[in-house]
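Give me coordinates for this.
(one chain, ligands or ions: 2)
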Amino acid sequence: MALEAWLMDDSNEDQRLPHHPNPKELLTIDYLAELGVLYWKLNPDNYEHDSELGKIRDERGYDYMDMLDLCPEKVSNYEEKLKNFFTEHIHKDEEIRYCLAGSGYFDVRDKDDRWIRIWMKPGDLIVLPAGIYHRFTLDTGNYIKLMRLFVGEPVWTPYNRPQEEHPVRKEYIKSLTHKFGESIQAH
Ligand SMILES: CSCCC(=O)C(=O)O
Ligand SMILES: [Fe+2]
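Numbering: from 1, shown residues only. Ligands and ions are numbered 1, 2, ... in the order given. So this is what the prediction gives:
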């Protein structure tokens, strides 16, 4: 099963609901690629000995790895962390997440500043580019186990929106402009 991503509706319902538009319409991997979002489908049962994962890590320099098991028993300040994850932000570096169990939603802004919802399930590995506005929420299953990857010493610092003057944000907008021309708006 390929990755599922869609344009979110703008209802104020629970963030853990899918927020599918009516009619339901899925976006393509190419659409995400245009935003700089990368995606791989891997075998999550084999993550400790997976040569495909090893190859991606080698090629992209992801030498750091740890696990985030998002349940109240294993995470300190669980509620606060979830609240922060759902606050729109950017990072100076890529955000690389590999879902090993459970599921959840990564929301990213598209070039027209609309929310795209990406449903992460076991085997889904995504890379969000530095400077893209995004947020994360659990879905109604209420559980996810993620592998976090990074190049070198990890820095997880979020910079909450607005960050229009942040050099990394500007760089990201420039990369979009190269792809889409001048029609894209700076927000
Ligand atoms: C649960 S990992 C995703 C949340 C996030 O955007 C972050 O950690 O920066
Ligand atoms: Fe983030």
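
CA atoms for contacts and neighbours, from now on please.
Noted.

quick one: the lengthiest helix in the chain to chain centroid distance?
With DSSP state H setting the assignment, residue counts place helix 167-180 as the longest helix in the chain. Using C-alpha atoms, centre = their mean, to the nearest Å, the distance from the centre of helix 167-180 to the centre of the chain it belongs to is 18 Å.

Now do the SS call for the residue nearest the centre of the chain.
For the chain, the residue lying nearest the average C-alpha position, counting by C-alpha atoms, centre = their mean, turns out to be Phe106 (4.5 Å). Secondary structure for Phe106, judged by DSSP: H, G, I helix; E, B strand; the rest coil, is strand.

Give the bridge partners for it, please.
When bridges are assigned using DSSP bridges, the partners listed for Phe106 are Ile118, Phe136.

and stretch 7-24, anywhere near ligand 1?
No. Stretch 7-24 lies apart from ligand 1 when judged by C-alpha under 6 Å from any ligand atom; the minimum separation is 13.5 Å.

and what of stretch 80-100?
Yes. Contact between stretch 80-100 and ligand 1, assessed by C-alpha under 6 Å from any ligand atom, occurs at Phe85.

how about that stretch: buried residues?
Within stretch 80-100, the residues that qualify as buried by neighbour count (16 or more other C-alpha atoms under 10 Å) are 84-100.

Okay, strands next: where are they in the protein?
Assignment of strands within the chain using DSSP state E yields the ranges 4-7, 38-41, 64-70, 89-90, 95-102, 104-109, 115-120, 124-128, 134-138, 144-150, 159-160.

Could you figure out how far the fifth one is turned away from strand 104-109?
For strand 95-102 and strand 104-109, the angle between their directions (axes from the mean of the first three to the mean of the last three C-alpha atoms, to 10 degrees) works out to 150 degrees.

For strand 95-102, which helices and strands make contact with it?
Using 3 or more C-alpha pairs under 8 Å, 6 or more residues apart in numbering; DSSP states H and E as the contact test, the elements touching strand 95-102 are strand 124-128, strand 144-150.

Which one of those lies nearest to ligand 1?
strand 144-150 (7.2 Å; C-alpha to the nearest ligand atom).

per-residue confidence for Leu26?
Listed pLDDT for Leu26 reads 93.

returning to that earlier point: for the strands of the chain, give me JSON lines that also has mean pLDDT and distance to Glu48.
Below are these laid out as JSON lines (pLDDT from 0 to 100; distance: least, C-alpha to C-alpha, whole Å):
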{"stretch": "strand 4-7", "mean pLDDT": "96", "distance to Glu48": "25"}
{"stretch": "strand 38-41", "mean pLDDT": "98", "distance to Glu48": "15"}
{"stretch": "strand 64-70", "mean pLDDT": "97", "distance to Glu48": "11"}
{"stretch": "strand 89-90", "mean pLDDT": "98", "distance to Glu48": "29"}
{"stretch": "strand 95-102", "mean pLDDT": "98", "distance to Glu48": "11"}
{"stretch": "strand 104-109", "mean pLDDT": "98", "distance to Glu48": "22"}
{"stretch": "strand 115-120", "mean pLDDT": "98", "distance to Glu48": "19"}
{"stretch": "strand 124-128", "mean pLDDT": "98", "distance to Glu48": "15"}
{"stretch": "strand 134-138", "mean pLDDT": "98", "distance to Glu48": "25"}
{"stretch": "strand 144-150", "mean pLDDT": "98", "distance to Glu48": "11"}
{"stretch": "strand 159-160", "mean pLDDT": "98", "distance to Glu48": "32"}
